[in-house]
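A.B. asks: below are the sequence and a predicted model for it; my questions follow.
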Amino acid sequence: MNSDLLKHSKKQANDISLFSATALGIGGMMGAGLYSLLGLASSHAGTDVPLAFLIGAIAASFSVYSYAKLGAAFPSSGGGATFTVMSFGPGIISGGINLFQYIAYLIAAALYAAGFVEYTNTLFGGDLSPLTLKCITAAIIVICTFINLLGPSLVGRAETLAIGLVVVSLLVFSAMGFGQADFKHFQTAGGSIEGIAVAAGILYINFQGFGVVTNSSSAMKSPQKELPLAMFSALILVTIAYLAVSTAVVLLMPLSSIQLHNGHVLANAAQIVAGKIGFFAISISALLACAAAVNATIFAASNIAADLTSKKEVSSALGNSVLKNNLHALTVSSIGVIILALIFPLSEVGQMASLAFLLVYAVITYGHLRIHQKTGAKPKILWCAIIINLSLFTALMINTVKTAPSSAIALVFALLASFGLEALSRYKSNRLKSR
């Protein structure tokens with residue numbers, strides 16, 4: 001990072017308020033997962049989808065505890081990238097993890113962009129051509145990238161506005177849904193233990209946005225107090241919304257209908273509640289939520305280790321090729337998101353994103369155990385986070401190998417490539433230094 005960017009970074013300090021940080025976390029969570037993965041999750045959990053959401057939230061809460069402790073102890077715009085360096089030290093391990101984590105954020109942003117396009121197509125009756133959909137995909141990513149270029153303060157304000165509208169629409173939908181639900185004739189369906197576990201793994205991506213908040217910790221006035229409060233507030237509010245919305249959907253629609261409308265089930269449920277007005281209101285809400293999630297996730301991806309670049313502690317591969325400066329990082333990140341969104345369908349990129357973050361959070365929490373004395377975290381809670389994340393990862397990975405092997409192969413390749421590129425980059429750097 002050059003001197004001008006460092007000065008600009010200092011000017012941006014303390015730009016993120018507690019309210020904006022909470023909105024940023026909600027924006028990172030309330031995206032395509034709720035609006036577009038509900039149908040996919042129901043194919044595994046049946047009408048027990050709300051239970052799968054609750055399990056995902058409980059799993060995330062342990063990781064939130066770990067990240068909140070780390071973020072309060074090491075406030076930085078690098079977020080998880082900073083934590084790996086502090087835990088494992090600068091080297092191939094932390095560098096490889098950071099590179100894979102960077103890719104995970106790109107996958108998540110691609111998921112949210114795909115969700116935006118899905119609901120755009122739904123608004124137009126599903127008649128948009130494949131070329132038009134691809135153009136819309138690229139356009140929303142470019143727009144969010146431009147917003148990020150204007151600084152974290154604008155990112156926070158944009159999240160506040162978008163998420164405020166989304167939360168209001170979801171609360172209204174849930175209230176009207178419960179009012180019209182036929183509780184007497186409701187019948188449960190599906191929902192084996194294995195299916196619920198797989199669904200919880202799929203829906204875990206809905207909660208990964210808490211990691212986005214840690215990337216704004218260096219811009220908080222008092223991260224030790226504000227960061228944990230913002231992260232847990234965002235998680236609690238999002239969980240309440242997910243439980244209310246998913247319960248309303250399963251009460252309003254038969255399971256077969258939920259699975260039939262898969263990628264845009266909320267819009268169809270809203271149509272049952274309020275006709276065309278409900279359909280359009282929830283569809284627009286979905287567009288705002290997905291756009292906010294793209295915005296927040298690109299913010300996290302492009303800042304994953306920007307403040308460490310000048311210290312040569314970040315991933316060598318990232319520092320040498322991606323994080324040369326803020327503009328370069330955002331450009332590379334947006335191109336990566338566009339490519340992923342165009343290659344993988346929504347359901348597959350959703351599974352890949354959840355798998356990636358379950359693994360990343362488990363590894364970072366394991367690293368946290370090595371330095372828990374510095375953060376004041378309790379080892380038992382950290383072990384719970386590791387075990388739960390790896391259990392959900394295993395259940396989802398087994399299912400992904402069976403149903404979408406290309407996604408599993410792509411994820412494993414990304415993991416191996418991350419450490420391979422990191423090792424190669426450091427090898428080349430060491431050779432140049434020795435000359």
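C.D. replies: That came in fine, so what should we check first?

A.B. asks: residue 291 - how many residues pack around it?
C.D. replies: By other Cβ atoms under 10 Å, 24 other residues sit near residue 291. The way it works is simple: take the backbone N, C-alpha and C, and place the C-beta from them, glycine included.

A.B. asks: ok, it - contacts?
C.D. replies: Neighbouring residues of residue 291 by Cβ atoms under 8 Å, 6 or more residues apart in numbering: 112, 116, 140, 143-144, 162.

A.B. asks: among the residues you listed, show me the least confident.
C.D. replies: Lowest pLDDT of the contacts of residue 291: residue 162, 73.

A.B. asks: what separation do you get for that one and residue 378?
C.D. replies: Distance from residue 162 to residue 378, counting by Cβ to Cβ, to the nearest Å: 36 Å.

A.B. asks: tell me which of these two has more neighbours.
C.D. replies: Each of residue 162 and residue 378 has its neighbours counted (other Cβ under 10 Å); residue 162 has more, 24 against 12.

A.B. asks: how is the residue lying closest to the more buried one once chain neighbours are set aside assigned, secondary-structure-wise?
C.D. replies: Nearest residue to residue 162, sequence neighbours excluded (Cβ to Cβ, 6 or more residues apart in numbering): residue 292, at 4.1 Å. Here residue 292 is recorded as helix under DSSP: H, G, I helix; E, B strand; the rest coil.

A.B. asks: list buried residues within the contacts of residue 291.
C.D. replies: Buried by 16 or more other Cβ atoms under 10 Å: 112, 116, 140, 144, 162, out of the contacts of residue 291.

A.B. asks: ok, back up a step: residue 327: which of the contacts of residue 291 is nearest?
C.D. replies: Among the contacts of residue 291, residue 144 lies closest to residue 327 (Cβ to Cβ), at 14.8 Å.

A.B. asks: and the strand or helix carrying that closest one, C-alpha only, in PDB?
C.D. replies: In this structure, residue 144 sits in helix 130-149 according to DSSP states H and E. Extracted C-alpha coordinates of helix 130-149, given in PDB (Å, rounded to 0.1, in the frame of the first residue of the first chain):
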ATOM      1  CA  PRO A 130     -29.100 -16.100 -20.900                       C
ATOM      2  CA  LEU A 131     -27.000 -13.300 -22.400                       C
ATOM      3  CA  THR A 132     -29.100 -10.600 -20.600                       C
ATOM      4  CA  LEU A 133     -28.700 -12.500 -17.300                       C
ATOM      5  CA  LYS A 134     -25.000 -12.600 -17.700                       C
ATOM      6  CA  CYS A 135     -24.900  -8.900 -18.400                       C
ATOM      7  CA  ILE A 136     -26.900  -8.200 -15.300                       C
ATOM      8  CA  THR A 137     -24.600 -10.400 -13.300                       C
ATOM      9  CA  ALA A 138     -21.500  -8.400 -14.400                       C
ATOM     10  CA  ALA A 139     -23.400  -5.100 -13.900                       C
ATOM     11  CA  ILE A 140     -24.400  -5.600 -10.300                       C
ATOM     12  CA  ILE A 141     -20.900  -6.700  -9.400                       C
ATOM     13  CA  VAL A 142     -19.300  -3.700 -11.100                       C
ATOM     14  CA  ILE A 143     -21.800  -1.300  -9.400                       C
ATOM     15  CA  CYS A 144     -21.000  -2.700  -5.900                       C
ATOM     16  CA  THR A 145     -17.200  -2.500  -6.700                       C
ATOM     17  CA  PHE A 146     -17.700   1.200  -7.500                       C
ATOM     18  CA  ILE A 147     -19.500   1.800  -4.200                       C
ATOM     19  CA  ASN A 148     -16.600   0.200  -2.400                       C
ATOM     20  CA  LEU A 149     -14.100   2.500  -4.100                       C
END
